[in-house]
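Undergrad: let's see this in three dimensions:
(one chain, ligands or ions: 1)
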Amino acid sequence: TLDNLKINQILHDTFKHKQFKSATQKEAVYKVCEGKKDVFVSMPTGAGKSLCYQLPAVYFGQISLVISPLIALMSDQLSHLKRLNIHACTINSKQSAGERNEVITDLFHAESKCRLLYITPEQTATTKFMDMVMKLHARGKIALLVIDEAHCVSQWGHDFRPDYLSIGKLRQKLTNVPCIALTATATLDVQKDIFSSLRLPSSTATFKTGVFRPNLYYDVKVKELLSDTYLDLQNFCQKALGMSVTEDKAKGSGIIYCHKREDCMTLSAELLKRGIHAKPYHAGLSNKERESVQNDWTLGKVPIIVATISFGMGVDKSNVRFVVHWTIPKSMAGYYQESGRAGRDGKVSYCRLYYSRVDRNSMDFLMKKELERKKSKSKSETQLKKHVNAATDNFKSLVKYCEGTQCRHASIAEFFNDVVPDCNKQCDFCRNPKSVE
Ligand SMILES: Nc1ncnc2c1ncn2[C@@H]1O[C@H](COP(=O)(O)OP(=O)(O)OP(=O)(O)O)[C@@H](O)[C@H]1O
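TA: Got it, this is the predicted structure:
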């Protein structure tokens, strides 16, 4: 039987939350704590998915194994848990042998306080790691298997990671250990792939909330129709950050995504020239420089970061007031995820995409070249075909979103096979249908 009191206590005392963020979050947490069934959670960015496995991990008092796609993402989670005094650790390829041995010794210790063990999917393919996990399992120490960012198992997803395919095997070996798979971006195709790849039975408890984020205002600006794109961007940033001529202090922060490094530099310089503090972030900077820019942005010292998409995975800043895409991204699913970094605190925030057919054509060209390259490396013809079709469809949906003449929120919902919402004029089309050509 479930110990409701204990669950509430952990929510308040350990996680410092007054209540659950939503009914779905609460139901998912309770179902996972029951420990009987596999669970699938699909909730949009910022809905509080992490709590759905972190609270149960504390509740179980054993080790929960968490598979997460990126070391950077794990580090953020680990420092967050550390602040809450929850003992969590990681085994990954970047560690020294000494560090790793320390972690392993602790895991086998009778008094081990480790509640969450974060690993990358590559680990599950190594015999050494698997042997260790099986030993822990034989001692009954593993309470839960968590698969974060589960859409990475799918060729249909925008973030396919071949290593995720080996998780199915791990799962089969962990007999009687329940599994929870979480994602923010699951179309029906992706969901099907997650279920089959992770071998989730049809009895899996599914918790899904729609993709509609009522506090996000979406719009598209056609670059060719603007007389001065920089001025348009300047006005947009000032408005979204509540800046006026007399009061230039920004309220909250913003992210501007560019495809190219040069654009990151140009745009941040243009904004600076216009009195708006912005810093570039891209792969051409040293690790130290990137870290310092990210820190300044996180602490609110610099309100705007102008970045390539290498920035953002795992960013948990609640007061991001806008996300701009200066160039069209590769996919609808990717756009939804990136723009969704706005407004995690539930307050009105803005997502703008600057569209141009020239950008569209060059992105189309780049994607075709990338797919050609994959073709020459690929072993399986059918897998490749699936991947190419998925990537092409995903991009086409985004072009349709930009060029389309319907509610932006409806386009997003349709892409994710979700119920079409009434966006309550939270997009340029619904606010003024005539202005959208
Ligand atoms: N019950 C709650 N009450 C208040 N805040 C909460 C609650 N649950 C989670 N949060 C906060 O909501 C924010 C988003 O949570 P989380 O990072 O888990 O989102 P997510 O759904 O995993 O998003 P992403 O798709 O980006 O990973 C975090 O700052 C978290 O601390």
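Undergrad: how about the nearest residue to the closest residue to the ligand within the stretch 101-250 of the chain, chain neighbours excluded?
TA: The minimum distance from the stretch 101-250 of the chain to the ligand, using Cβ to the nearest ligand atom, falls at Ala184 (3.8 Å). Where you see a C-beta, it was placed from the backbone N, CA and C, and this is true even at glycine. The spatial neighbour of Ala184 that comes closest, neighbours along the chain excluded (Cβ to Cβ, 6 or more residues apart in numbering), is Thr45 at 4.9 Å.
Undergrad: neighbours of the one you found, how many?
TA: 20 (other Cβ atoms under 10 Å).
Undergrad: likewise His277?
TA: 14.
Undergrad: same deal with Leu117?
TA: 25.
Undergrad: need the per-residue pLDDT for it.
TA: Leu117 carries a pLDDT value of 97.
Undergrad: same check on Leu216?
TA: For Leu216, pLDDT reads 96.
Undergrad: show me what contacts the residue of the stretch 101-250 of the chain closest to the ligand?
TA: 42-45, 47, 49, 151, 337, 340 (Cβ atoms under 8 Å, 6 or more residues apart in numbering).
Undergrad: likewise Gln95?
TA: Counting by Cβ under 8 Å, 6+ apart, Gln95 has contacts Val103.
Undergrad: still on that earlier bit, three-state assignment of the residue nearest to Ala184?
TA: coil (DSSP: H, G, I helix; E, B strand; the rest coil).
Undergrad: what count of nearby residues applies to the residue of the stretch 251-400 of the chain found nearest the ligand?
TA: Taking Cβ to the nearest ligand atom, the ligand has its nearest neighbour within the stretch 251-400 of the chain at Asp316, 4.9 Å off. By the measure other Cβ under 10 Å, the count of residues near Asp316 is 14.
Undergrad: next: Thr127.
TA: Using other Cβ under 10 Å, Thr127 has 7 neighbouring residues.
Undergrad: again with Asp76
TA: Counted with other Cβ under 10 Å, the neighbours of Asp76 add up to 15.
Undergrad: surely it touches Asp316?
TA: Yes - if you go by Cβ atoms under 8 Å, Asp76 and Asp316 touch, sitting 6.8 Å apart.
Undergrad: for the residue of the stretch 101-250 of the chain closest to the ligand, grab phi and psi.
TA: Ala184 adopts backbone torsions of phi -100, psi -20, taken as degrees, to the nearest 10.
Undergrad: who's in contact with the residue nearest to Ala184?
TA: Neighbours of Thr45 in contact, by Cβ under 8 Å, 6+ apart: 184, 337, 340-341, 344.
Undergrad: 10 Å instead?
TA: 184-185, 211, 213, 315-316, 336-344 (Cβ atoms under 10 Å, 6 or more residues apart in numbering).
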